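K.L.:
Below are the sequence and a predicted model for it; my questions follow.
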Number of protein chains: 2
Amino acid sequence: MASSGFHTHDHVKCVAEALGALESYCQTEGLKFTTLRRRVFELLLEEHKAMGAYDILDRLRTEGFSAQPPVAYRHLDFLVAHGFAHKIERLNAFIACTHIGALHDPAFLICRECRTVSETMSDSSILALHHRASDADFQIEESVVEAIGTCPDCR
Amino acid sequence: MASSGFHTHDHVKCVAEALGALESYCQTEGLKFTTLRRRVFELLLEEHKAMGAYDILDRLRTEGFSAQPPVAYRHLDFLVAHGFAHKIERLNAFIACTHIGALHDPAFLICRECRTVSETMSDSSILALHHRASDADFQIEESVVEAIGTCPDCR
DNA sequence: TCACTATTGTTATACTATAACATCAGGAAA
DNA sequence: TTTCCTGATGTTATAGTATAACAATAGTGA
Ligand SMILES: [Zn+2]
Ligand SMILES: [Zn+2]
Ligand SMILES: [Zn+2]
Ligand SMILES: [Zn+2]
């Protein structure tokens, strides 16, 4: 068991399921489950903490991969585009999705000390905005809901 | 009348009130209402659109002010710290607050085409995240709620 | 074989933000 | 008045984040 999203869970299973989901997604969509795609996702999955693109890059470099900025961004963007990761705007960083396969507008609890992130599938604050948006004839395409604070472990 | 937040309003009055609020705030807090503070705020107030720090800088430069990055960030940070502006994380840009003086957790509707922003005062009690946060013994210190889409004018 | 497409490699550059320190102006204390 | 302190501004340099553009490669199917 490991701490995640500020509660304990079976993280080994958590990682295995996520990797399995990416592999079968790639198969059914005709995408390649390449070494780098897998490895970048594994790095994001190691802990439930936000990682910057350049953190990823440093890890890849020590493992002997090519480590120019575009390789990190390419694979992170791939994961985000297909719903396996999210960008945390407040931190300019990335996190593995913990609700893979579910259509969702994620909301995050982010510890400013340790960068641990807990993901929720939706949040009523965005519903209020949807209401206001329809009043204004505004079409919401994407939402960012992030709460920054300190987690129990960092207090 | 001008369009703002996707609805018409008296923008001349809107600007005048905001500048007046900053001036009296500075007086009561013993802060100086300097030319640059005033000018940066005026630039943000020109339209209800998010402006990047370097957009501000370009404007200052054409007006003969010193235009090194720290001058833009210093005054933008000043406005944000005292509640007269907000940072739009999704755009790495800034916007004048439209609810000056009110304690609020703002939420934004942001047009991806024209960068026009409409600000809502979200009642933080409606955040489902707060509920989840207290379950997890997580203390929220700050929130980011942004919806990105297209406004009526850009369709 | 050939052509096509997806993926990866590489160089260069753009965009965003802050650290650190020098200078200046105004007000309070000596 | 002179000195000192504080807040504000000026300036240089650098750190951190992200993308454009194009070359090379590998696999697929005609
Ligand atoms: Zn886990
Ligand atoms: Zn998710
Ligand atoms: Zn207005
Ligand atoms: Zn506001």
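P.N.:
Received the coordinates, thanks. Residues are numbered from 1 along each chain as shown, chains lettered A, B, ... in the order given. Ligands and ions are numbered 1, 2, ... in the order given.
K.L.:
for A:F138, phi and psi?
P.N.:
For A:F138, the backbone dihedrals are phi -100, psi 130 (criterion: degrees, to the nearest 10).
K.L.:
Contact partners for it?
P.N.:
Applying CB atoms under 8 Å, 6 or more residues apart in numbering or on different chains to A:F138 gives the contacts A:132, B:6, B:109, B:111, B:118, B:147, B:149-152. Every residue, glycine included, has its C-beta placed from N, CA and C.
K.L.:
Now rank these by neighbours and give me the top one.
P.N.:
In terms of neighbours by other CB atoms under 10 Å in any protein chain shown, those top out with B:A147 at 26 neighbours.
K.L.:
still on that earlier bit, pLDDT check: weakest of the contacts of A:F138?
P.N.:
Across the contacts of A:F138, the bottom pLDDT score, 78, is held by B:F6.
K.L.:
buried stuff in stretch A:44-59?
P.N.:
A:44-45, A:47-53, A:55-57, A:59 (16 or more other CB atoms under 10 Å in any protein chain shown).
K.L.:
With stretch A:85-99 instead?
P.N.:
Buried, per 16+ other CB under 10 Å, within stretch A:85-99: A:85-91, A:93-98.
K.L.:
Torsion angles phi and psi at the nearest residue to A:I88 once chain neighbours are set aside?
P.N.:
Spatially, and ignoring its direct neighbours in sequence, A:I88 is nearest to A:A50 (4.8 Å; CB to CB, 6 or more residues apart in numbering or on different chains). Here is the backbone geometry of A:A50 (degrees, to the nearest 10): phi -70, psi 140.
K.L.:
quick check, nearest of the buried residues of stretch A:44-59 to B:A21?
P.N.:
A:A50 (35.9 Å; CB to CB).
K.L.:
ok, the closest one - contacts?
P.N.:
With CB under 8 Å, 6+ apart, A:A50 has these contacts: A:88, A:91, A:93-95, A:110, A:115, A:117.
K.L.:
switch the cut-off to 6 Å
P.N.:
By CB atoms under 6 Å, 6 or more residues apart in numbering or on different chains, A:A50 lies in contact with A:88, A:91, A:93, A:95, A:115, A:117.
K.L.:
thinking again about what came up before, name the nearest of the buried residues of stretch A:44-59 relative to A:I140.
P.N.:
Checking those one by one against A:I140 (CB to CB), the nearest turns out to be A:A50, at 23.9 Å.
K.L.:
ok, is the longest strand along chain A in contact with chain B or not?
P.N.:
When chain A is parsed with DSSP state E, its longest strand is strand A:139-150. Yes. Remark: strand A:139-150 sits within contact range of chain B at A:139-150, by CB under 6 Å from any CB of the partner chain.
K.L.:
List the residues that contact the most far-flung residue of chain A relative to its centre.
P.N.:
Taking CA atoms, centre = their mean as the measure, the residue most remote from the mean C-alpha position of chain A is A:D135, 31.4 Å away. Contact analysis of A:D135 by CB under 6 Å, 6+ apart lists nothing.
K.L.:
Also A:A18?
P.N.:
A:L45.
K.L.:
ok, now A:L36?
P.N.:
Here A:L36 is in contact with A:H75 (CB under 6 Å, 6+ apart).
K.L.:
and it, how far is that from A:V12?
P.N.:
A:L36 sits 23 Å away from A:V12, taking CB to CB, to the nearest Å as the criterion.
K.L.:
can you pull out the strands in chain A?
P.N.:
Under DSSP E, chain A gives strands at A:2-4, A:7-9, A:85-88, A:93-96, A:107-111, A:117-120, A:139-150.
K.L.:
Let me have those strands in TSV, extended by distance to A:Y25.
P.N.:
Converted to TSV, those look like this (distance: least, CB to CB, whole Å):
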stretch	distance to A:Y25
strand A:2-4	22
strand A:7-9	22
strand A:85-88	13
strand A:93-96	14
strand A:107-111	22
strand A:117-120	18
strand A:139-150	21
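K.L.:
would you turn the ones you listed into TSV with distance to ligand 1?
P.N.:
Below are those laid out as TSV (distance: least, CB to the ion, whole Å):
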stretch	distance to ligand 1
strand A:2-4	4
strand A:7-9	6
strand A:85-88	14
strand A:93-96	8
strand A:107-111	15
strand A:117-120	11
strand A:139-150	19
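K.L.:
which one of these has the lowest average pLDDT?
P.N.:
When I compare the strands of chain A, strand A:2-4 is least confident, with a mean of 52.
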